[in-house]
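J.: The following comprises the amino acid sequence and a computationally predicted model.
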Amino acid sequence: MPSTLCLLEQLENAGCRVDVDSFDPAVAKALPFTPHDATSNQALIGLCIMNPDHHDMVSEVAKSMSDADPLDVLTVLVSSLLGVLASF
């Protein structure tokens, strides 16, 4: 009987730790398994932060940290997005 599992699922079931090379929670949610890690590619992280789907979260963090250093704001945004990814 042929397997109906995709190759990524087969690798995951074989014990490989499959990561997702995206920082978009929608990509992680669409996978048939929970990825173990997300990208550290700054360009992809920036695109995810600029995604209109994340506007409310970005605005909330920016308003709550209006006097903070921009790198601190970015750190909180990345942590917030990681929290969303981890919930899948």
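T.: Yes, it's here. Residues are numbered from 1 along each chain as shown.
J.: The chain: helices as residue ranges?
T.: 7-13, 25-30, 42-50, 55-64, 70-86 (DSSP state H).
J.: Need those in JSON lines (columns: distance to residue 36, mean pLDDT and mean neighbour count).
T.: The way it works is simple: take the backbone N, C-alpha and C, and place the C-beta from them, glycine included. Shown next, in JSON lines, are the helices of the chain (distance: least, Cβ to Cβ, whole Å; pLDDT from 0 to 100; neighbours: other Cβ atoms under 10 Å):
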{"stretch": "helix 7-13", "distance to residue 36": "9", "mean pLDDT": "85", "mean neighbour count": "13"}
{"stretch": "helix 25-30", "distance to residue 36": "11", "mean pLDDT": "80", "mean neighbour count": "16"}
{"stretch": "helix 42-50", "distance to residue 36": "17", "mean pLDDT": "83", "mean neighbour count": "15"}
{"stretch": "helix 55-64", "distance to residue 36": "23", "mean pLDDT": "94", "mean neighbour count": "12"}
{"stretch": "helix 70-86", "distance to residue 36": "11", "mean pLDDT": "82", "mean neighbour count": "15"}
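J.: Now distance to residue 19 too, for the ones you listed, in CSV please.
T.: Listed next are the helices of the chain as CSV, based on distance: least, Cβ to Cβ, whole Å:
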stretch, distance to residue 19
helix 7-13, 10
helix 25-30, 10
helix 42-50, 12
helix 55-64, 23
helix 70-86, 11
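J.: And for the residue nearest the centre of the chain, nearest residue in space, chain neighbours not counted?
T.: Nearest to the mean C-alpha position of the chain, by Cα atoms, centre = their mean, lies residue 23 at 3.3 Å. Counting by Cβ to Cβ, 6 or more residues apart in numbering, residue 23 lies nearest to residue 48, which is 4.1 Å off, once chain neighbours are set aside.
J.: Quick one: residues contacting that neighbour.
T.: Residues near residue 48 by Cβ atoms under 8 Å, 6 or more residues apart in numbering: 22, 23, 24, 54, 81.
J.: Can you name the two of those residues that sit furthest apart?
T.: Greatest spatial distance in the contacts of residue 48: 22 and 54, 13.3 Å, computed using Cβ to Cβ.
J.: quick one: residue 56 from residue 80, how far?
T.: If you measure residue 56 against residue 80 using Cβ to Cβ, to the nearest Å, the figure is 11 Å.
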